[in-house]
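Chemist: sequence and predicted model, in that order:
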Amino acid sequence: MLGVKIVCVGKLKEEFWRAAVREYEKRLSSLCRFEIVELPEAKLPGSPTAGEISAALEKEGEAITPRLSGLIVPMCIEGRQLDSEGFSRLLSGAMQSPGAVSFVIGSSYGLADQVKGLGRGISMSPMTFPHQLARVMLCEQIYRGLQILRGAPYHK
């Protein structure tokens, strides 16, 4: 069974985001070994400088890296865009070797270059989304991708 991990920086603050993720965790529990790892955001002042942001991303990257396993997929705006069938093929490939995939969602400032360099990134859209919504969207796409692979009617 495929191991799917989402390593993310920051907590889901609103209950409606948490409820949506719980729903997908429940749906995914029979399809894969699913895990979400939440890491704290690095502390930054109200109006951080570019250097402070870079240092914070570096610190977050150091916390992210040891939690990754299998195929590593940074979620970043510079990444490639996939349709749902392409995303399901990515999951299928992860099932073959090494049998696990780690998706990484950074803080509101993104991901450190060191984390982006660990795998081939994916962008959900050229539009910008809150990282809390991105987590829900990623959970849904993982569920959809696994349903596509099963030939289930969920995907239209």
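Modeler: Here it is on my side, so go on.

Chemist: tell me the contacts of the residue nearest to Lys43 when sequence neighbours are not counted?
Modeler: Nearest residue to Lys43, sequence neighbours excluded (Cβ to Cβ, 6 or more residues apart in numbering): Ala56, at 7.6 Å. (Each C-beta comes from the backbone N, C-alpha and C, glycine too.) For Ala56, the contact set (Cβ atoms under 8 Å, 6 or more residues apart in numbering) comprises Glu41, Ala42, Lys43, Leu44, Pro48, Ser107, Tyr109.

Chemist: cool, and Ser125?
Modeler: Gln81.

Chemist: need the pLDDT of it.
Modeler: For Ser125, the model assigns a pLDDT of 92.

Chemist: look up how far Val136 lies from it.
Modeler: As defined by Cβ to Cβ, to the nearest Å, Ser125 lies at a distance of 14 Å from Val136.

Chemist: now for the host helix or strand of Glu38, which elements pack on it?
Modeler: Using DSSP states H and E, the element containing Glu38 is strand 33-39. Using 3 or more Cβ pairs under 8 Å, 6 or more residues apart in numbering; DSSP states H and E, the elements in contact with strand 33-39 are strand 3-9, helix 15-28, helix 50-64.

Chemist: among the ones you listed, which is nearest Val115?
Modeler: Between Val115 and those, the tightest spacing by Cβ to Cβ is seen for helix 50-64, at 4.6 Å.

Chemist: between the closest one and strand 33-39, how big is the angle?
Modeler: Angle, helix 50-64 to strand 33-39, by axes from the mean of the first three to the mean of the last three Cα atoms, to 10 degrees: 140 degrees.

Chemist: which helices and strands does the following helix or strand past helix 50-64 pack with?
Modeler: Counting by DSSP H and E, the element after helix 50-64 in chain order, helix or strand, is strand 71-80. Here strand 71-80 touches helix 84-96, strand 100-105, helix 113-116, strand 122, going by 3+ Cβ pairs under 8 Å, 6+ apart.

Chemist: no more questions from me, cheers.
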